[in-house]
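*Asks:* Any chance you can model this:
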Amino acid sequence: MKKLKVTQIRSIIKTNKKQKRTIEALGLGRPNYWNILPDNPQTWGMIKVVQHLVKVEEIEVNE
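*Replies:* Modelled structure (predicted):
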């Protein structure tokens, strides 16, 4: 099963409210925080909003 490791690489200072709320919804909050999320269209939509603030890696998870 594919998952996404999303790492915040930039601060949310001086970003708009939508981007701040999206970072919070992704489970991030500070630079170098990361979270494992499912690989689905909803997650990719949120990533697209904050693509300049995050780094995305695809990982394979064996459950």
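*Asks:* For the closest residue to residue 11 other than its chain neighbours, grab the count of nearby residues.
*Replies:* With sequence-adjacent residues excluded and distances taken as CB to CB, 6 or more residues apart in numbering, residue 11 is closest to residue 31, at 5.8 Å. Yep, even glycine has a C-beta here, placed from its N, CA and C like the rest. Neighbour count for residue 31, taken as other CB atoms under 10 Å: 13.
*Asks:* what residues are up against residue 31?
*Replies:* By CB atoms under 8 Å, 6 or more residues apart in numbering, the contact set of residue 31 is 8, 9, 10, 11.
*Asks:* Show the low-confidence segments of this structure, by residue range.
*Replies:* By pLDDT under 70, the chain has no low-scoring segment.
*Asks:* Now do the strands in it.
*Replies:* 2-8, 34-38, 54-60 (DSSP state E).
*Asks:* Pick the most deeply packed of those.
*Replies:* With neighbours defined as mean count of other CB atoms under 10 Å, those peak in mean count at strand 2-8, which reaches a mean of 17.
*Asks:* now that one against strand 34-38, angle please.
*Replies:* Counting by axes from the mean of the first three to the mean of the last three CA atoms, to 10 degrees, strand 2-8 lies at 150 degrees to strand 34-38.
*Asks:* who does strand 2-8 pair up with?
*Replies:* strand 34-38 (antiparallel), strand 54-60 (antiparallel) (DSSP bridges).
*Asks:* Of those, which is nearest residue 1?
*Replies:* strand 54-60 (7.5 Å; CB to CB).
*Asks:* What lies in contact with that closest one?
*Replies:* 1-10, 23, 26, 28, 36, 39, 47.
*Asks:* mind running it again at 6 Å?
*Replies:* The set of residues external to strand 54-60 that reach it, using CB atoms under 6 Å, 6 or more residues apart in numbering, is 2, 3, 4, 5, 6, 7, 8, 9, 47.
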